[in-house]
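J.: Below are the sequence and a predicted model for it; my questions follow.
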There are 2 protein chains.
Amino acid sequence: MKKLIGVDLGGTTVKFAILTAEGEVQQKWSIETDIQNEGKNIIPNIIKSINHRLDMYGLLVDDFSGIGMGSPGSVDINKGTVIGAYNLNWRTLQLVKEQIEEGTGISFYIDNDANVAALGEQWKGAGEGSGNVVFVTLGTGVGGGIVSEGNLVHGVGAAGEIGHINVDPSGYECTCGNVGCLETVASATGVVRLARDLSKEYAGDSKLKWFIDDGQEVTAKTVFDQAKKGDQLAEMVVDKFHSYLGLACGNIANVLHPETIVIGGGVSAAGEMLINGVEKYFNKYAFPPIKTSTKIKLAKLGNDAGVIGAASLVKIHE
Amino acid sequence: MKKLIGVDLGGTTVKFAILTAEGEVQQKWSIETDIQNEGKNIIPNIIKSINHRLDMYGLLVDDFSGIGMGSPGSVDINKGTVIGAYNLNWRTLQLVKEQIEEGTGISFYIDNDANVAALGEQWKGAGEGSGNVVFVTLGTGVGGGIVSEGNLVHGVGAAGEIGHINVDPSGYECTCGNVGCLETVASATGVVRLARDLSKEYAGDSKLKWFIDDGQEVTAKTVFDQAKKGDQLAEMVVDKFHSYLGLACGNIANVLHPETIVIGGGVSAAGEMLINGVEKYFNKYAFPPIKTSTKIKLAKLGNDAGVIGAASLVKIHE
């Protein structure tokens, strides 16, 4: 069986892996992402790095069935192009597939980074190979990817915009222009926003409130740490965050009845507390036969979800 | 090309159609559903009716590639069985596939009625053959079906429970045991519930309020008719109904980015007023690139969606 190459293109690092066809990671490495000069060195550097590693490991073009890549920005999966990836300084259309296939001689497939991470968790992570998995990533923003009936869902192109599910019609303004999107309350900055807002009305004793009023740096981690220590304001904030996320997960499940909803991204470092809290509200909002069968789990692959899911793009297209 | 048979099994009528492989209806007929004696005559009557019509039209078993059927209740699509179809008096497990294949000699496929109607609208109706279509049916209850990336979505089994999407965490109690489900405000009885509730607080002049206070029969149609005539209370009720339905449609689209959301069922007789009203709120809640590309349309096939979609089950399994 031929091997796979997975590439996870991010704003600071490009991660690479060589995998067996079964998804076992055999080699991993990374390079810095050079976003200078409108990011025009990014693709040449990726090509150089792949060719260099193949030489190093004594591997040939024919040993690989393909390269898969996850990218930020707006990805055209059919044409293999990317546009509007602002953290890469890619404002204009990038002919990624064309350049990488020419530079390496290996077939190339691409999708957006959240979809690729979803595929990774679905194939080798918390989704355990199920054909019906929803991936929610809680980071600077909130993103996601949907695998339904064994297929990655694109719809017209932008499926998986889980961060823009409306969870509060009278909620906060979102960068997208709408009001009350999940992202406004469940991203790292969203959790802090909830904390600042609830602290204004909170009259009791709270270290979190003291941090905020004292002008100290407060992150999502501060909030979760204080909640774990029993700070009542922090517990209220975390409960509110869980209610919004549980509502979104419940409604996704009412539509798709996935086997597993996998929660990843930086904010998911809150761990079992997060899963238990989301489950409490998921059980309130999911249709009874669904709540008893859809499982909510923490992501398993961490930073490897991208390269593993990217590699699986090759298998999808084989 | 062989022909298809579509069967739409309902609580009062069983509808049948013979279709070409391309989905053109060539013959249609129906029989009464005999739900007496725990519905034990239903399947024998279906078999008799199919065999009788084949004789009548001079058609042979070999002229057909299969029979597809939509059924109420809990359908096991792999085993071809139905259980818990209370409007048919089917409380125990019914071996539908086994009996119909034995009785007709033709291959048989089954799915639940909402999924089958979704397939019908997706194939030959307002979905116009797109691979990404969501069907919402507003009747006594609210149901639905999802076609994503060309596949009917079952998930673990209960996908498409659109009526149980939560649209108001502090809303009305639902028969499912949860609170605030779309069905509590967007079904035929849900619209009337909204009308009765809003009328209590409404102090102005309103024929709808007068009907309610006078103890007259008020249906969803009464409400929509009065709204079309400019009754302000009725307009408020309809606007609220649109806001809930627009929220649910927006959130479904944020997850799946379908090409079309098709709205059918008795309540959709409100027509263009409904589509315009739902669009107003859909545009508020859907992610900007999605709101500009997902279309909301009225169902086109009416009562034929079931038989046409049922027939398409045969094509899916070919």
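T.: Thanks, I have it. Residues are numbered from 1 along each chain as shown, chains lettered A, B, ... in the order given.

J.: can you give me the strands for chain A?
T.: A:3-9, A:13-19, A:25-32, A:64-71, A:74-76, A:81-83, A:108-112, A:133-138, A:142-148, A:151-152, A:260-264, A:295-298 (DSSP state E).

J.: Contact residues of the stretch 1-150 of chain A facing chain B?
T.: A:132, A:146, A:148-149 (CB under 8 Å from any CB of the partner chain). In this view, the C-beta of every residue, glycine as well, is placed from N, C-alpha and C.

J.: Indicate whether stretch A:274-286 makes contact with chain B.
T.: Yes. Judged by CB under 8 Å from any CB, stretch A:274-286 comes into contact with chain B at A:284-286.

J.: quick one: buried residues of that stretch?
T.: A:274-275, A:277-279, A:281-282, A:284-286 (16 or more other CB atoms under 10 Å in any protein chain shown).

J.: Check stretch A:58-76 too.
T.: Buried positions in stretch A:58-76, judged by neighbour count with 16+ other CB under 10 Å: A:59, A:64-75.

J.: Return the member of these nearest to chain B.
T.: The closest of these to chain B turns out to be residue A:74 (CB to the nearest CB; 8.6 Å).

J.: how much space between the residue of the stretch 201-318 of chain A found nearest chain B and residue A:240?
T.: Nearest residue of the stretch 201-318 of chain A to chain B, counting by CB to the nearest CB: residue A:257, 3.1 Å away. Separation of residue A:257 from residue A:240 (CB to CB, to the nearest Å): 27 Å.

J.: likewise residue A:262?
T.: Distance from residue A:262 to residue A:240, by CB to CB: 22 Å.

J.: Counting neighbours, go ahead and name the busier of these two.
T.: Set residue A:262 next to residue A:240 and count neighbours by other CB atoms under 10 Å in any protein chain shown: residue A:262 wins out with 31 against 18.

J.: looking at it, that one is touching residue A:126, isn't it?
T.: Yes. Between residue A:262 and residue A:126 there is a contact under CB atoms under 8 Å: 4.4 Å.

J.: Between these two, which contacts overlap?
T.: Counting by CB atoms under 8 Å, 6 or more residues apart in numbering or on different chains, the residues touching both residue A:262 and residue A:126 are A:297-299.

J.: Helices of chain A, residue ranges please.
T.: Applying DSSP state H to chain A gives helices spanning A:36-39, A:42-57, A:96-104, A:113-124, A:183-186, A:188-201, A:207-213, A:220-228, A:232-256, A:272-285, A:288-291, A:305-317.

J.: And those: which comes nearest residue B:28?
T.: Closest to residue B:28 of the helices of chain A, according to CB to CB: helix A:232-256, at 32.1 Å.

J.: Please compute how far the closest one lies from its chain's middle.
T.: In terms of CA atoms, centre = their mean, to the nearest Å, the centre of helix A:232-256 is found 18 Å from the chain centre.

J.: quick one: buried residues of that helix?
T.: A:232-238, A:240-256.

J.: again, but for stretch A:289-297
T.: Those would be A:289-291, A:293-297, for stretch A:289-297 by 16+ other CB under 10 Å.
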